[in-house]
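dropping the sequence and predicted coords here.
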Amino acid sequence: MSSRPVFLSAADVEDHLRSCSLLIPPLETALANFSSGPDGGVMQPVRTVVPVAKHRGFLGVMPAYSAAEDALTTKLVTFYEGHSTTPTVPSHQATVLLFQPSNGSLLAVMDGNVITAKRTAAVSAIATKVRIWNRTKENAEKFVNTVPGEVRICSSVQEAVTGADVIITVTMATEPILFGEWVKPGAHINAIGASRPDWRELDDELMKQAVLYVDSQEAALKESGDVLLSGVSRLSVADI
């Protein structure tokens, strides 16, 4: 008889992942393995998104297997429009399931919100001075308190990105918020937020000038509104 799976709450996960810096080395290895294709031993199909039209929601299912770590897992994410202002029911909720690869037994059920936030921060980590903009100043201040080093809150997106070498966009924007005229030549942009075909973070000028690198061509050409709505889906998009 298999043992009962472990349950890790948000507080438990936070306790284990207090520092994003701990995630950077293993994530570098994981991304390198994924980008190596079959030789990297990572199987990660494009996520399945199930609309819950009656309630203006979506369920995303993201399974993955890594032969190198012999790790089998699935992340489940729900997103419900209109819940972003409801503290008791957040717009995004995530759960991570960990399985025993040798027999498929469920080993652990983990709160995925903290994992997602830490993973995103670690993948996009930059060892430079940081400028941040958020629609809600209180959220910007909350973020500043969690990041070591020098962080300055800006009053506009343009102020935050002008002259920057590295720009990271992590928003739920459905219309472009970052414009090519603001971005200096040679700047590197990690565009994370536009994960639906009808969402945008980057304007057409910026997208058409950019050299694009994605973790999955198939996913980018199916899910990224920045790619699809700007027309660069006609261009070459290379896996990193």
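It's in.

can you give me the neighbour number for the closest residue to Glu218 other than its chain neighbours?
Counting by Cβ to Cβ, 6 or more residues apart in numbering, Val46 is the residue found nearest to Glu218 once chain neighbours are left out, at 5.2 Å. C-betas here are computed from N, CA, C, even on glycine. Val46 has 14 neighbours, counted by other Cβ atoms under 10 Å.

next one: phi and psi at Val46?
phi -60, psi 140 (degrees, to the nearest 10).

again with the one 10 residues further on
Its backbone dihedrals place Arg56 at phi 60, psi 50, with angles given as degrees, to the nearest 10.

where does the chain have its least confident helix or strand?
The least trusted helix or strand in the chain, going by mean pLDDT, DSSP states H and E, turns out to be strand 238-239, with a mean of 46.

give me the contacts around stretch 23-30.
Stretch 23-30 is contacted by residues Leu17, Val42, Ser66, Ala68, Glu69, Lys118, Arg119, Ala122, Val123, Ala125 when judged by Cβ atoms under 8 Å, 6 or more residues apart in numbering.

export those residues as TSV, with columns for distance to Pro185, secondary structure and neighbour count.
Shown next, in TSV, are the contacts of stretch 23-30 (distance: Cβ to Cβ, whole Å; DSSP: H, G, I helix; E, B strand; the rest coil; neighbours: other Cβ atoms under 10 Å):
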residue	distance to Pro185	secondary structure	neighbour count
Leu17	37	coil	16
Val42	34	strand	21
Ser66	37	strand	19
Ala68	38	coil	13
Glu69	39	coil	15
Lys118	32	helix	20
Arg119	30	helix	17
Ala122	28	helix	19
Val123	25	helix	18
Ala125	24	coil	16
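
which of those residues scores worst on pLDDT?
Among these, Ala125 carries the lowest pLDDT, at 62.

CA atoms only for the helix or strand where Glu138 lies - export them in PDB, please.
Take DSSP states H and E as the rule and Glu138 turns out to sit in helix 137-144. Taking C-alpha atoms only, helix 137-144 is exported to PDB below (Å, rounded to 0.1, in the frame of the first residue of the first chain):
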ATOM      1  CA  LYS A 137       2.100  51.700  -5.600                       C
ATOM      2  CA  GLU A 138       1.500  49.600  -2.500                       C
ATOM      3  CA  ASN A 139       2.300  46.400  -4.500                       C
ATOM      4  CA  ALA A 140       5.500  48.100  -5.800                       C
ATOM      5  CA  GLU A 141       6.500  48.900  -2.200                       C
ATOM      6  CA  LYS A 142       5.700  45.400  -1.100                       C
ATOM      7  CA  PHE A 143       8.000  44.000  -3.800                       C
ATOM      8  CA  VAL A 144      10.800  46.400  -2.900                       C
END
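
that concludes my questions; thank you for your assistance.
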